[in-house]
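Engineer: Need a 3D model of the sequence below.
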Amino acid sequence: MGTRFVDVPADAILGELRAIASAVQGKRGYSSEGVAGREIVFDIGPPGGVAVVRVYTSLALGEDAVRDCGEDAVRLVLGAVMPSDTGLRFKPLGESRRIYRTAPKGTADERVAVFMKRLRDAIREFYAMALRVPSCPSCGGPLVRRESRDGRAFLGCARYPVCRGTRPA
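Structural biologist: Got it, this is the predicted structure:
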């Protein structure tokens, strides 16, 4: 890996994300750890919220460090976990951000610490966005910004067409 990128050990990133998930659960929020493809992912959501922060770790199941693939690092996506015909599925609600594995010069531990702080700060920011996602008046699912045929903005249920709940924007 190039010198500007930080090698992030699996135990560092998993330990940090598990600590965040535990803190969220301690406040009656939602968290889960799973695998999407081969990648370990975490879902973290506020208590009573309809949206979650999905954290794609860039860590393949069974590996000891995040994968070496250029600038890719950790990706955060604001979304919702919703029922589908095959069980639960994650539906993005629009917001996404990559947290690049870069850090200033220093020891390996210092560089990992800088990266982890940036990751924590970004998760906090996305968690705050998840708190602000309104719920559908019909089914309680998340509302997303939509546009009518005549160009007017409104909030519509992310479960459309199953639910047709709306609210003015």
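Engineer: what's the single longest helix in the chain?
Structural biologist: In the chain, taking DSSP state H as the definition, the longest helix is helix 108-131.
Engineer: where's it relative to the chain centroid, distance-wise?
Structural biologist: The gap between where helix 108-131 is centred and where its chain is centred comes out at 12 Å by CA atoms, centre = their mean, to the nearest Å.
Engineer: same question, stretch 85-104
Structural biologist: On CA atoms, centre = their mean, the centre of stretch 85-104 falls 5 Å from the chain's centre.
Engineer: Then stretch 117-132?
Structural biologist: With CA atoms, centre = their mean, you get 9 Å for stretch 117-132.
Engineer: Could you pull up the residues touching F154?
Structural biologist: F154 makes contacts with R145, R146, E147, S148, T166, R167, P168, A169, as judged by CB atoms under 8 Å, 6 or more residues apart in numbering. Bear in mind the C-beta positions are built from the backbone N, C-alpha and C, glycine included.
Engineer: In ChimeraX, how would I select just the buried ones from the residues you listed?
Structural biologist: Those of those that count as buried under 16 or more other CB atoms under 10 Å are selected in ChimeraX with:
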select :166
